[in-house]
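Asks: I'd like to go over a predicted model; first the sequence, then the structure.
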Amino acid sequence: MFMKKLILIRHAKSSWKYNVIDHERPLNSRGKIDVEIVSNHLKKSFSSIDLVLSSDAFRAKRTATAFIKNLSINQDIVHLNHDLYDFSGSNLLKVIKNCNDKVNELMIFGHNHAITAFVNTYGSQYIENVPTCGVVIIEFNIDKWENLNKGKTLKTVFPRDLKN
């Protein structure tokens, strides 16, 4: 039996207080706190991430950077992908389906509405809205990413669930 695991992470809360284009928006203070809380909570959850892909938007890169540091992920397997600066989900799906089949554990940092639409199409648990810095882990019984079909939602981690 073959298994592929996808860890989808929506970028943390971004700031609107700077006069910058959407692509360059930074994280706000809550976003920076949530990144630390969620990534540190997940430290024991991952054995072997094979590939990390992130949107090249500043808020997604900053979220990815904190996770990579806190989860001790090798920088060599981290790649920015402009196609993940995607809100509809069509590019997200393409990126996943085109992933090398040697990759069994794939971590992706992206944006809504793409992430919520994806987890509700391909996961087994309905999630009304994946919140900022929310993590959804889905396992697929496939040997090739191009054969992506309905998987099993293994875990969700949302910042609000980790705060008192």
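Replies: Nice, I can see it. Residues are numbered from 1 along each chain as shown.
Asks: give me the neighbour count for residue 161.
Replies: Counted with other CB atoms under 10 Å, residues neighbouring residue 161 total 12. Bear in mind the C-beta positions are built from the backbone N, C-alpha and C, glycine included.
Asks: for residue 98, list the residues it contacts.
Replies: By CB atoms under 8 Å, 6 or more residues apart in numbering, the contact list for residue 98 reads 145, 146.
Asks: if I look at it, how far off is residue 78?
Replies: With distances taken as CB to CB, to the nearest Å, residue 98 is found 17 Å from residue 78.
Asks: now do residue 130
Replies: Going from residue 130 to residue 78 by CB to CB gives 21 Å.
Asks: same check, this time on residue 140
Replies: 22 Å.
Asks: can you show me the helices along the chain?
Replies: 29-41, 58-70, 90-97, 114-122, 159-162 (DSSP state H).
Asks: what comes into contact with the second one?
Replies: For helix 58-70, the surrounding residues in contact (CB under 8 Å, 6+ apart) are 9, 11-12, 14, 23-27, 31-32, 35-36, 38-40, 42-43, 52, 54-55, 73, 75, 78, 80, 84-85, 107, 109-111, 133.
Asks: give me the mean pLDDT for it.
Replies: Confidence for helix 58-70, expressed as mean pLDDT, is 97.
Asks: quick one: buried residues of that helix?
Replies: The neighbour-count check on helix 58-70 (16 or more other CB atoms under 10 Å) flags 58, 59, 60, 61, 62, 63, 64, 66, 67, 68, 70 as buried.
Asks: and stretch 62-69, how far out from the chain middle?
Replies: The chain centre lies 11 Å from the centre of stretch 62-69; the measure is CA atoms, centre = their mean, to the nearest Å.
Asks: again, but for stretch 46-62
Replies: 7 Å.
Asks: same question for stretch 15-34.
Replies: Distance of stretch 15-34 from its chain centroid, counting by CA atoms, centre = their mean, is 18 Å.
Asks: same question, stretch 152-164
Replies: For stretch 152-164, the distance to the chain centre is 13 Å (CA atoms, centre = their mean).
Asks: burial count for residue 134?
Replies: 25.
Asks: sorry, wrong one. I was asking about residue 121.
Replies: Neighbours of residue 121 (other CB under 10 Å): 11.
Asks: with residue 112 instead?
Replies: Around residue 112 there are 17 residues (other CB under 10 Å).
Asks: tell me how far residue 139 lies from residue 123.
Replies: Distance, residue 139 to residue 123, by CB to CB: 10 Å.
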